[in-house]
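J.: model the structure of this input:
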Amino acid sequence: MGGFVESPSTESLAKLARAKRIPFVEDLGSGAIIATEKAAAIEHEPTPAETLKRGVDLVCFSGDKLLGGPQTGIIAGKARHVAALKREPFFRALRCDKLILAALQTTVDLYLSGETNAVPALAMMQLSTGELRRRAEKIIARLDELPLPAEIGEGNAQIGGGSLPRSAIPSVTLDFKIDEPAAFAARLRRGRPPAIGYIAAGKFKLDLRTIFHDRMKSS
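T.: Sure thing, here's the model as predicted:
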């Protein structure tokens, strides 16, 4: 929330929780592990480690979103509280299966080995507009013989509603000038594989920051 809103600091809530002997749990949501402002020109997203250092007993965050792994929830913190959660009978219904754990371990291994560029979400965030424009020029050249007018445009890539909702990264788009952009967008969504874009200023736009480099090679 932004504007005329205010919330107490994590440190002050942790102090109150300790005084009342109540476990303090904070939900971060996105689960950024690295400093987001170093990945792109965006705001800093608190990490689980930072939150725990501020006095939180347990922190919850997603395994997908900014972490870039499978869709799952992660709870970290003091061992006695984690152990208590595992003893809860409801835990059995919510525990992850082996496929999710395997995918999560693969993602975490990338962080531990310093290969964060292999995490798709982070790789897309760190692409420069210069690299995106070079890709756009190659695609435009390949579309030159088709009866489909296209040009290179500009846009802003929204990172996510729950992940850095106030942050957007400058991006490069492919703009298609057609009479019925909504119908064209629907046809592309039904393709195999589907292509997802958006309509702005009467043009259908494909944001190149959201398209994998190897996918463009095979298109």
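J.: tell me the contacts of residue 39?
T.: Residue 39 makes contact with 122, 125, 126, according to Cβ atoms under 8 Å, 6 or more residues apart in numbering. The way it works is simple: take the backbone N, C-alpha and C, and place the C-beta from them, glycine included.
J.: and the gap between the first one and residue 35?
T.: Translated: residue 122. Separation of residue 122 from residue 35 (Cβ to Cβ, to the nearest Å) stands at 11 Å.
J.: and the last one, by the same measure?
T.: In this view, residue 126 and residue 35 are 12 Å apart by Cβ to Cβ.
J.: among the two, which residue is more densely surrounded?
T.: residue 126 (15 against 11; other Cβ atoms under 10 Å).
J.: picking that back up, out of the contacts of residue 39, who's nearest residue 205?
T.: Closest approach to residue 205 among the contacts of residue 39 (Cβ to Cβ): residue 125, at 19.1 Å.
J.: give me the neighbour count for that closest one.
T.: Counted with other Cβ under 10 Å, residues neighbouring residue 125 total 20.
J.: ok so it is a helix residue?
T.: Yes - counting by DSSP: H, G, I helix; E, B strand; the rest coil, residue 125 is located in a helix.
J.: residue ranges for the helices of this protein, please.
T.: Remark: helices assigned in the chain by DSSP state H are 10-20, 36-39, 48-53, 79-87, 91-94, 98-112, 120-126, 129-142, 181-189, 213-218.
J.: out of those, which is closest to residue 157?
T.: helix 120-126 (7.8 Å).
J.: quick one: buried residues of the closest one?
T.: By 16 or more other Cβ atoms under 10 Å, the buried positions in helix 120-126 come out as 121, 122, 124, 125.
J.: can you redo those as JSON lines with pLDDT?
T.: JSON lines is the format used below for the buried residues of helix 120-126 (pLDDT from 0 to 100):
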{"residue": "121", "pLDDT": "83"}
{"residue": "122", "pLDDT": "86"}
{"residue": "124", "pLDDT": "86"}
{"residue": "125", "pLDDT": "86"}
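J.: out of these, flag the one nearest to residue 144.
T.: Closest to residue 144, out of all of these and judged by Cβ to Cβ, is residue 124, at 26.6 Å.
J.: my read: that closest one touches residue 210, true?
T.: Yes - contact between residue 124 and residue 210 holds when scored by Cβ atoms under 8 Å: they sit 6.8 Å apart.
J.: tell me, what's touching the two both at once?
T.: The contact sets of residue 124 and residue 210 overlap at residue 157 (Cβ under 8 Å, 6+ apart).
J.: can you give me the distance of residue 201 to residue 154?
T.: Distance from residue 201 to residue 154, by Cβ to Cβ: 11 Å.
J.: oops, could you answer that again for residue 32 instead?
T.: Distance, residue 32 to residue 154, using Cβ to Cβ: 26 Å.
J.: over to residue 7?
T.: Using Cβ to Cβ, one obtains 35 Å as the distance from residue 7 to residue 154.
J.: for these two, indicate the residue with more neighbours.
T.: residue 154 (12 against 8).
J.: and that one, what is it in contact with?
T.: 170, 171, 172, 173.
J.: 10 Å instead, please
T.: Contacts for residue 154 were tallied using Cβ atoms under 10 Å, 6 or more residues apart in numbering; they are 129, 133, 170, 171, 172, 173, 175, 205.
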